[in-house]
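In: Sequence and computational prediction follow.
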Amino acid sequence: MSTLFGMLAAFLLVGGAIWLGGSPLAFVNLQGVLIVVLGTFAVTAISFRIQEMITLPVNIWQLLRHGQRDPSEEAIKVLKIAVESRKHNDVLMLEKLLPRLKDTPFLAQAIQLVVDGAEPDEIEQILRREASTASSRHMRAVDFLRRAGDVAPAMGLIGTLIGLVRMLGNLDNPAEIGPAMAVALLTTFYGAVLAHLVFIPLAAKTEHCTDEEQLVNNLYSMGANSIRRKENPRRLEMLLNTILPPAKRVTFFK
């Protein structure tokens, strides 16, 4: 929600300034849109494969929608599972928990490995590879957004140069000077808006979500290993707190 709210607020502020300053239609220019918007995606596509271009929007949306989990809450969830597992000492109990973990696929996979009787070292290796793969996929999305954020102002500059060349070539025709100057200025405006109101903030948010997801996945991995080794949940609490930020550390056992 903070992503949608922040982006909407930014566009409303810019739109409000445009509306109060005069005719909003003066800021609409089809040539500028073609040069900056379509040009940005075309140039960015050079650095990525077609399949990545197709899946990146879905990956970004899923990460922003599901990737922001509170590490403290997830640590408490892991500790509750560990307590239940130690209390009942029954693998079937863990298997019954799996349908309730559909919203956290990584945790469900970790518990499934415990249910299947995988060795602790094997669990750690599998989960580490799975987390690394997910992190790499998300970082490709960050690279795409950053690349688009670099390209958009450059395409705006290209549009500005096109407009200036047209203007200088038509100094003897005053009717052509205005539209050419509009293209020159609006393409710079479009490029700045795209870069600083869309691509760069989304890149920063996606990177933050990726780091947080990596932390949460580490919590899940440590929890699964501890449950598999049948360790005391109090020890698991201490282990989880070693990787949690100081402000996010939990006190489950009092």
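Out: That came in fine, so what should we check first?

In: quick one, what contacts residue 239?
Out: If you count contacts by C-beta atoms under 8 Å, 6 or more residues apart in numbering, residue 239 has them with 222, 226. Heads up, the C-betas are built off the backbone N, CA and C, glycines and all.

In: Use 880 as the first number from now on
Out: New numbering, starting at 880: the last item is residue 1118.

In: how near is it to residue 1104?
Out: Applying C-beta to C-beta, to the nearest Å, the value for residue 1118 to residue 1104 is 9 Å.

In: what's the answer for residue 973, then?
Out: Distance from residue 973 to residue 1104, by C-beta to C-beta: 14 Å.

In: same question, residue 1132
Out: Relative to residue 1104, residue 1132 is positioned 19 Å away (C-beta to C-beta).

In: Check residue 882 too.
Out: 33 Å.

In: again, but for residue 1041
Out: Residue 1041 is 60 Å from residue 1104, by C-beta to C-beta.

In: So if I had to pick from those two, which one is more boxed in?
Out: It is residue 1104, of residue 1041 and residue 1104, that has more neighbours when counted by other C-beta atoms under 10 Å, with 21 against 17.

In: quick one: low-confidence parts of the stretch 930-1079 of the chain?
Out: Flagging of the stretch 930-1079 of the chain using pLDDT under 70 yields the residue ranges 944-947, 970.

In: and if we set it to 80?
Out: Within the stretch 930-1079 of the chain, the segments meeting pLDDT under 80 span 930-932, 935-947, 967-972, 1045, 1048-1059, 1061-1062.

In: and residue 1096, helix, strand or coil?
Out: Under DSSP: H, G, I helix; E, B strand; the rest coil, residue 1096 falls in the helix class.

In: does residue 1050 count as helix, strand or coil?
Out: Look at residue 1050: counting by three-state DSSP, its state is coil.

In: Near it, how many other residues are there?
Out: 10.

In: From residue 906, how far out is the residue located most distally from the centre of the chain?
Out: The C-alpha centroid of the chain is most remote from residue 1051, which lies 50.8 Å away (C-alpha atoms, centre = their mean). To residue 906, residue 1051 is 28 Å away according to C-beta to C-beta.

In: For the stretch 930-1079 of the chain, which segments count as helices?
Out: Counting by DSSP state H, counting those that start in this stretch, the stretch 930-1079 of the chain has helices at residues 950-967, 970-976, 984-994, 999-1048, 1053-1073, 1079-1108.

In: helices and strands around the fifth one, which ones?
Out: Read that as helix 1053-1073. For helix 1053-1073, the contact count by 3 or more C-beta pairs under 8 Å, 6 or more residues apart in numbering; DSSP states H and E identifies helix 909-912, helix 999-1048 as packing neighbours.

In: With distance to residue 892 as new columns, can these be given to me in TSV?
Out: Compiled in TSV, the helices and strands packed on helix 1053-1073 are given as follows (distance: least, C-beta to C-beta, whole Å):
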stretch	distance to residue 892
helix 909-912	21
helix 999-1048	19
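
In: out of those, nearest to residue 950?
Out: Evaluated over the helices and strands packed on helix 1053-1073, closeness to residue 950 peaks at helix 999-1048, with 14.3 Å, by C-beta to C-beta.
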